[in-house]
Each structure stands twice: as structure tokens, then as C-alpha cells.
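K.L.:
3D model of this:
(chains A, B, C and D)
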Protein chains: 2
Amino acid sequence: MTTAPAAVDRRQRRRLETIEEVVDVAAEVVAEQGAAGLSIGEVARRMGIKPPSLYGYFESKNAIYDALFARGAQQVLEVMRPVMRAAADEQSLETALLTSGRTMIRWSIEHPAYAQLIFWRPVPGFEPSPAAYAPAIALMDESRQSFTVLQERGLIRSDISVDVILRNWTILVSGITTQQLSNAPDEPFDTGTFTSALPDIVAMFATRYAAPPAGRQPASTTRKVRRADKR
Amino acid sequence: MTTAPAAVDRRQRRRLETIEEVVDVAAEVVAEQGAAGLSIGEVARRMGIKPPSLYGYFESKNAIYDALFARGAQQVLEVMRPVMRAAADEQSLETALLTSGRTMIRWSIEHPAYAQLIFWRPVPGFEPSPAAYAPAIALMDESRQSFTVLQERGLIRSDISVDVILRNWTILVSGITTQQLSNAPDEPFDTGTFTSALPDIVAMFATRYAAPPAGRQPASTTRKVRRADKR
DNA sequence: GTCTATATGACGATAGAC
DNA sequence: GTCTATCGTCATATAGAC
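P.N.:
Numbering: from 1, shown residues only, chains lettered A, B, ... in the order given. Sure, this is the predicted structure:
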């Protein structure tokens, strides 16, 4: 029969492969031309088909953006998940942040096409669908979870909420990534002008938010760290 | 005579006014649609003229982007210059950074059209001309100058180069701005989720880079600030 | 079912009439 | 100095070949 399961599967599989190829090619184009430089015609040209054929797989250009966003968010989640799990078991806040920050920023620098789409909003009129956005939310949830564990383990000051810690940490990661991508996008992660600042930035953050060693905290309220903390 | 100086001046002035109007309208469009959403047709429509007429004033769409970049960079320089001068005379690194950081970030949040163009690279193929970029360079130069003064006045640690300080400071400012603009662009500066982090971030930075008070610095090499500073 | 052919309207840009 | 006319390309849509 023409509708036998095997045939359906084969066709379905072929279709999914094509969809993947579209996203692959779109990612190439975005990597070369920037997120706003994606065109359906260019994708079709590289695939050796005509632009209208793409509409059999994606109902609009924004749907391709959405697939790119989804794939990027999914990849970064997969890359970050084991690192965040390991970070929660780290011996100090500083090493935990250094490894997870390095992984996150390296991925962003090495996948600027996805990073632009996820970190910035370069495409007018495009908003990621809830499904595409889900991994990004999961990433934030797991980050919050890791910080919570670190705080419970006594490596993070207990007088500051995890949400504030997380917000401030995302600011730092976003700052390094943005500066590197917009000012020197061709520098590799390992020798980047701004990526090289990560140890500095992490030390800064850890000095402020790491829990002070037990028994070393005087009753005095004039400690520098305390004083500056009115919020 | 038709080419008498007075007539030339009047025509020249009229022309410059029109050029200004084009940039005004383009700024409106970019504020509404994002940097990549600018179209010559839309600008012409709002001005009540036809698209080709714009080519009498700008030779290309990128030339309009360039004018926008130049105006934005010029404005931010003018806004920042007095603040940076004052910052150099401030009583502490923390207050100096708080006022200048607040001014810079507030301007960026309140002028997202220009900020996008200056901080990010949202338009494929557009690079600002040297002339348009000049104010941005001047801003960096004056920032470096301010930090140098603060270091000479003993408010900044003398064992770290001004360039590293400046780089790390731009990372923090860029991080706050980017997070606010891309995650909650409609929040005003005063109550923004990320702009509210500025005092925290500044305190973090100042705790690390402010010169320790004279006479309070022990010979010990185990000071926290020192230890984390291998670079 | 998936493609090609074709059409529409907006875009950036140019040439030339007035 | 502004217009009309026009070009090539773009995203998008539909009809129909195979």
C-alpha cells in the first residue's frame, strides 16, 4: 500500500532531513551576513531549489528564524546543562563561575549567528515562539537552581537573593559577549580582547558575592562589602 | 544674481534643514521598528515626498545609517563629556562611576534607536565611517583620561593598567544596557530590572579596583583582592 | 506530496523629464 | 529639486505540472 507505515516513515524522515538542511543553510547565511541578512532566496539558491519550494517546509521567513532560535537555545542548554550541574558541586564560587561562564561565552563567540538571535533582537517583527523559547527559560531555571545549591552549601552570601545574584551574573556574561561580538567578532575566544577579561570579572563577582569564610566575619558593620550594599 | 552669496547660503541652509529632517524621521522609524527596520520608502512617506528624492540628500541607505550613528555618537559624547570631567574630581571611585554610568545607561535606554546602532551591529554590511566613529573614539579617550586622573589621585589601584580598568568598565555598562534593551526595552531607566542593578555592579567594581585606604594595607600577600588578581 | 512557474507588491537604487 | 518610470531583488502567495 502507498500509505504503509514504512513508506510514511520514509517520507516523513526525508521531510525532516530537508527541514534540518534548511536550518543548516540558514545558520550558514546568518553566520556570514548577520541575523538580519537572512533571505529566503539565498537559502533556496544554496540548496539548489526555488524560493517557493521552501514554503512547503516553513510557512514564513520568521518560522525559519524561530527554528534557528529554537536550535540555538536547545544547543546552548545542552552545552550548559552538564557544566551547571558540575558547577553546583564546585569547591568555590569562583571556580564554578569561571567554568560555566567560560563555556557559555565560548559557545556564544563560536556560534555568533545563534548568539545574535538569542541575546539581541536584530530582526524587527520576530518574536520567538513559546516552544522555541522554552530551552532559554529552562537554562535560566537551571542556573537559578545551581546558584541556590551554591548558596545552600554556604559558598554564596545568604543575605542576597538568588534572583539578584542571577540577574547580576547575566549582566556580566552578556557584557563580555556583547563587547566581544560587536567590537572584535573575528577574535577567537581564547585570545579575545573582552573574553580575556572573564577571570577578572569572575574574581570581581566572587569577591563580592562569595560567603565570607566562617569565623572571619566581625560584628562590625563598617566592612567594605557591607557598606556598599544598600539596595 | 542667482548665485549671489546670500542666495547660496539660503539654499545651503534649506538643504541642511532637509538633511536634518531626514535624520529626525529615520530616528523615529528606527525607534519604532528597530535598526534593521529602517526603509527609505517609509522615511519618504512620512516626509511627504517620493523615495528617489531622498537620494538628493543621501547617496544610499547606509549613508542614512551613518548619519544616525554620527548623531548618536555626537550626542552621547556631549552628554558624557561634562559628567566625565566632573567624575575625575569626585571624592571616590564609586560615586564617580555611579554618576557617569547612570548618565551613559540612561541615555542609551532613552535613545534605543541610537544605542542599538552604536552598541550592536544590527545592520549587515553597514560599518560606520571614520567621521561618524570619531566621537565614539573621543568618548573612549576621555573615559581613559578620567580613569587616569582618578588613578593619579590615588582613588584607583596603581597596580592595574587604565586600559584594563576601562575595558572591564565598558563590559559592565554594556552588559546592563544590553540586558535591559533586549529583555525589557519598555521599562524606564529608573525602574528597569537591569538598570536597577547599577549600584550593585558599581559597588562590585569599586570594591575590586578602588585603591585600598592608605595605611590599611598589610604586607601580607594573602589579601583576598590580591590573591584573585593573577592575570 | 513536492516541486516549478508565475504573480504581487515592497524594497533599494538609477535615469531622465520637468 | 522633485518627480515619473524603470530595474533587479526581495518575501510571499497561488496554480498547477509531475
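K.L.:
And DNA strand D, is the one helix or strand residue A:24 maps to touching that?
P.N.:
Per DSSP states H and E, residue A:24 falls inside helix A:5-33. No: Helix A:5-33 does not reach DNA strand D (Cβ under 7 Å from any atom of the strand); its nearest approach is 9.2 Å. C-betas here are computed from N, CA, C, even on glycine.
K.L.:
Name the next helix or strand downstream of that helix, please.
P.N.:
Note on helix A:5-33: by DSSP H and E, the next helix or strand toward the C-terminus is helix A:40-47.
K.L.:
So is that following helix next to DNA strand D?
P.N.:
Yes: counting by Cβ under 7 Å from any atom of the strand, DNA strand D has neighbours in helix A:40-47: A:40-42.
K.L.:
Can you name the residues that contact the spatially most central residue of chain A?
P.N.:
When Cα atoms, centre = their mean is applied to chain A, the residue found nearest the centroid is residue A:76 (5.1 Å). Contact partners of residue A:76, counting by Cβ atoms under 8 Å, 6 or more residues apart in numbering or on different chains, are A:104, A:107-108, A:114, A:118, A:135, A:139.
K.L.:
all helices for chain A, in order.
P.N.:
A:5-33, A:40-47, A:61-88, A:93-110, A:112-119, A:130-152, A:162-183, A:198-209, A:224-227 (DSSP state H).
K.L.:
Closest one of the contacts of residue A:76 to residue B:21?
P.N.:
Distance to residue B:21 across the contacts of residue A:76 (Cβ to Cβ) is lowest for residue A:118, with 36.6 Å.
K.L.:
And the pLDDT at that closest one?
P.N.:
Residue A:118 is assigned 88 on the pLDDT scale.
K.L.:
what's around it, how many residues?
P.N.:
Residues lying near residue A:118 (other Cβ atoms under 10 Å in any protein chain shown) number 23.
K.L.:
now swap in residue A:46 and tell me
P.N.:
Residue A:46: 15 neighbours (other Cβ under 10 Å).
K.L.:
Now do the same for residue A:31: its pLDDT.
P.N.:
On the pLDDT scale, residue A:31 gets 87.
K.L.:
OK, contacts around the closest residue to it other than its chain neighbours?
P.N.:
In space, residue A:31 comes closest to residue A:113 once its chain neighbours are excluded; the distance is 4.1 Å by Cβ to Cβ, 6 or more residues apart in numbering or on different chains. Going by Cβ under 8 Å, 6+ apart, residue A:113 touches A:27, A:30-31, A:35, A:68, A:72.
K.L.:
if you set the cut-off to 6 Å instead, what comes out?
P.N.:
Under the criterion of Cβ atoms under 6 Å, 6 or more residues apart in numbering or on different chains, the neighbours of residue A:113 are A:27, A:30-31.
K.L.:
now swap in residue A:202 and tell me
P.N.:
Residue A:202 sits in contact with A:94, A:97-98, where contact means Cβ under 6 Å, 6+ apart.
K.L.:
what does residue A:84 give?
P.N.:
Counting by Cβ under 6 Å, 6+ apart, residue A:84 makes contact with A:100, A:142, A:146.
K.L.:
any idea how far the closest residue in space to residue A:185 that isn't next to it in sequence is from DNA strand D?
P.N.:
Of all residues not flanking residue A:185 in the chain, residue A:112 sits nearest, at 6.1 Å (Cβ to Cβ, 6+ apart). Applying Cβ to the nearest atom of the strand, to the nearest Å, the value for residue A:112 to DNA strand D is 19 Å.
K.L.:
swap in residue A:202?
P.N.:
Residue A:202 is 40 Å from DNA strand D, by Cβ to the nearest atom of the strand.
K.L.:
now do residue A:189
P.N.:
For residue A:189, the distance to DNA strand D equals 30 Å [Cβ to the nearest atom of the strand].
K.L.:
Return the residues of chain A in contact with chain B.
P.N.:
Residues of chain A found near chain B (Cβ under 6 Å from any Cβ of the partner chain) are A:33-34, A:36-37, A:120-122, A:124, A:167-168, A:171-172, A:174-176, A:178-179, A:182, A:197, A:200, A:203-204, A:207-208, A:228.
K.L.:
and the residue of chain A found nearest DNA strand C, how many neighbours?
P.N.:
In chain A, the residue that lies nearest DNA strand C is residue A:52 (3.1 Å; Cβ to the nearest atom of the strand). By the measure other Cβ under 10 Å, the count of residues near residue A:52 is 9.
K.L.:
and what of the one 5 residues further on?
P.N.:
When neighbours are defined as other Cβ under 10 Å, residue A:57 has 17 of them.
K.L.:
That one reaches residue A:19, doesn't it?
P.N.:
Yes: using Cβ atoms under 6 Å, residue A:57 is in contact with residue A:19, at 5.1 Å.
K.L.:
so what's in contact with those two at the same time?
P.N.:
With Cβ under 6 Å, 6+ apart as the test, residue A:57 and residue A:19 reach no residue in common.
K.L.:
can you list the residues of chain A near DNA strand C?
P.N.:
Applying Cβ under 7 Å from any atom of the strand, one finds that chain A approaches DNA strand C through A:3, A:11, A:14-15, A:18, A:49-53, A:56-57.
K.L.:
Between the residues you listed, which sits nearest residue B:89?
P.N.:
residue A:51 (61.1 Å).
K.L.:
how about the helices of chain A, which one is nearest residue B:158?
P.N.:
helix A:198-209 (16.5 Å).
K.L.:
Helix B:198-209 and that closest one, what's the angle between them?
P.N.:
For helix A:198-209 against helix B:198-209, the angle by axes from the mean of the first three to the mean of the last three Cα atoms, to 10 degrees is 110 degrees.
K.L.:
Please export the C-alpha coordinates of helix A:198-209 as PDB.
P.N.:
The C-alpha coordinates for helix A:198-209 follow below in PDB (Å, rounded to 0.1, in the frame of the first residue of the first chain):
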ATOM      1  CA  LEU A 198      36.500  36.800  32.200                       C
ATOM      2  CA  PRO A 199      38.800  35.800  35.100                       C
ATOM      3  CA  ASP A 200      38.900  39.500  36.200                       C
ATOM      4  CA  ILE A 201      35.200  39.800  36.000                       C
ATOM      5  CA  VAL A 202      34.600  36.500  37.800                       C
ATOM      6  CA  ALA A 203      37.000  37.500  40.600                       C
ATOM      7  CA  MET A 204      35.200  40.700  41.000                       C
ATOM      8  CA  PHE A 205      31.900  39.000  41.200                       C
ATOM      9  CA  ALA A 206      33.100  36.300  43.600                       C
ATOM     10  CA  THR A 207      34.800  38.800  45.800                       C
ATOM     11  CA  ARG A 208      31.500  40.500  46.400                       C
ATOM     12  CA  TYR A 209      29.100  37.600  46.500                       C
END
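K.L.:
tilt between it and helix A:130-152?
P.N.:
Using the same axes, to 10 degrees: helix A:198-209 against helix A:130-152 is 60 degrees.
K.L.:
which ones are touching whichever residue of chain A sits closest to chain B?
P.N.:
The minimum distance from chain A to chain B, using Cβ to the nearest Cβ, falls at residue A:175 (2.5 Å). Residue A:175 makes contacts with B:171-172, B:174-175, as judged by Cβ under 6 Å, 6+ apart.
K.L.:
Identify the farthest-apart pair in those residues.
P.N.:
The distance between the two most remote of the contacts of residue A:175 (Cβ to Cβ) is 7.3 Å, for B:172 and B:174.
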